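Engineer: Fold the following for me, if possible:
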Amino acid sequence: MVAPFGGREARLGTNPISIAVPSNLDGPLFVDMATATVAAGKIQLAVSRGEQVPLGWIIDRDGRQTTDPNQLRAGGALLALGGTEGYKGSGLAVIVEILCGLLTGLGFGVEPSGRHNDGCFMAVFKVEAFRHLADFKREVTELARYLKDTPPAEGFTGVLYPGEIEHLRAVERRQNGVEVEDVTWRKLQTLAQKRCRESRAAARLAERSGPHSTYALSAAVGVRLAAFASLQHAEAAPATGLQPARALRLHSGWLRVWRAGPSHDRSGDAAFSQRSRRLTR
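Structural biologist: Alright, predicted model coming up:
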């Protein structure tokens with residue numbers, strides 16, 4: 001997916017790094033980023049929207065920089081983080097490859113032996129082994145506010161602490177919905193309609209297998225997807241330049257069915273059974 005700095009073929013993954021730090025801020029302070037110039041999902045989003053991407057994000061199969069996002073799937077590659085100083089992002093990607101692929105024994109790059117090389121490395125630090133947690137969280141909060149007090153540069157409205165933009169977007173989308181462009185929306189509808197047809201068979205099997213079976217959950221999810229396919233849980237998006245688009249709202253009732261499943265607590269059997277029957281009919 002990502003070409004090492006100076007190369008024209010993909011040899012590395014996007015190899016993301018994610019670090020979160022406790023604080024007293026309204027939103028979490030964290031870094032969650034690819035070691036490529038951009039995450040692969042943004043390239044696919046540009047394909048879905050029929051848009052070009054900025055120069056410096058990807059190269060084509062011949063190693064030339066391009067603004068055509070379709071070139072990534074046509075033998076191209078993402079560029080490493082850092083632009084003309086891409087050796088920095090490339091170096092980070094190699095370290096992630098070592099920690100997540102070699103240290104775990106799952107392989108690296110395009111591994112000829114076919115080993116699954118989608119590994120993960122996690123490290124957790126107990127703050128109280130170093131100092132009082134409350135003091136640490138207070139000082140992290142003070143650091144973030146110190147950074148935000150920086151006078152803005154030309155073209156900027158201000159400084160955001162790491163993770164703040166995601167927090168602000170989450171708040172806004174809980175209120176106004178998630179914008180989905182038409183190409184993705186149609187794919188979701190097609191998938192939901194297919195899943196609904198499959199759920200009819202699951203509903204019949206659920207009657208024989210019991211309310212806690214995989215079939216019961218499958219049927220329940222299928223009916224919710226059918227409602228989704230018919231736009232029952234969708235509203236028109238505000239004017240955003242993505243028109244015509246959709247805004248997908250998240251409802252607690254929608255999410256509950258995904259969490260429903262087998263439980264060791266039998267006290268909820270009747271409620272789950274009733275809900276399963278209601279959703280599958």
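Engineer: just the strands in this protein please.
Structural biologist: 17-21, 29-33, 58-59, 65-66, 77-78, 178-181, 234-236, 245-248 (DSSP state E).
Engineer: Name every strand pairing with the fourth one and say which way it goes.
Structural biologist: What it means is strand 65-66. Strands that pair with strand 65-66, judged by DSSP bridges, come out as strand 58-59 (antiparallel).
Engineer: for the second one, same thing?
Structural biologist: Strand 29-33 has the following strand partners under DSSP bridges: strand 17-21 (antiparallel).
Engineer: Please export the alpha-carbon coordinates of the partner strand; CSV is fine.
Structural biologist: Provided in CSV are the C-alpha atoms of strand 17-21 (Å, rounded to 0.1, in the frame of the first residue of the first chain):
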residue,chain,number,x,y,z
ILE,A,17,0.3,4.8,15.3
SER,A,18,-2.2,5.5,18.0
ILE,A,19,-1.4,7.0,21.4
ALA,A,20,-3.9,8.2,23.9
VAL,A,21,-3.2,10.2,27.1
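Engineer: Show me what counts as buried in that strand.
Structural biologist: For strand 17-21, the neighbour count (16 or more other C-beta atoms under 10 Å) marks I17, V21 as buried. C-beta here means a position set from N, CA and C on the backbone, and glycine is covered the same way.
Engineer: I'd like the mean pLDDT over that strand, please.
Structural biologist: The average pLDDT within strand 17-21 is 96.
Engineer: And for stretch 179-197?
Structural biologist: On average, stretch 179-197 scores 77.
Engineer: list the buried ones in that stretch?
Structural biologist: Within stretch 179-197, judged by 16+ other C-beta under 10 Å, the buried ones are E179, V180, E181, T184, W185, L188, Q189, A192, R195, C196.
Engineer: Which one of those residues is nearest to G56?
Structural biologist: Looking at these and their distance to G56, the nearest is E181, at 23.6 Å (C-beta to C-beta).
Engineer: Pull the contacting residues for A123.
Structural biologist: Listed by C-beta atoms under 8 Å, 6 or more residues apart in numbering, the contact set of A123 is empty.
Engineer: Apart from its chain neighbours, what residue comes closest to V47?
Structural biologist: Computed as C-beta to C-beta, 6 or more residues apart in numbering, the closest residue to V47 that is not its neighbour in sequence is P69, at 4.8 Å.
Engineer: how near is that neighbour to A129?
Structural biologist: Applying C-beta to C-beta, to the nearest Å, the value for P69 to A129 is 46 Å.
Engineer: Low-confidence stretches in the stretch 101-250 of the chain?
Structural biologist: By pLDDT under 70, the weakly predicted segments of the stretch 101-250 of the chain are 110-117, 196-250.
Engineer: which residue ranges form the helices in it?
Structural biologist: Per DSSP state H, counting those that start in this stretch, the stretch 101-250 of the chain carries helices over the ranges 133-148, 164-176, 182-209, 214-229.
Engineer: Brilliant, that's me finished.
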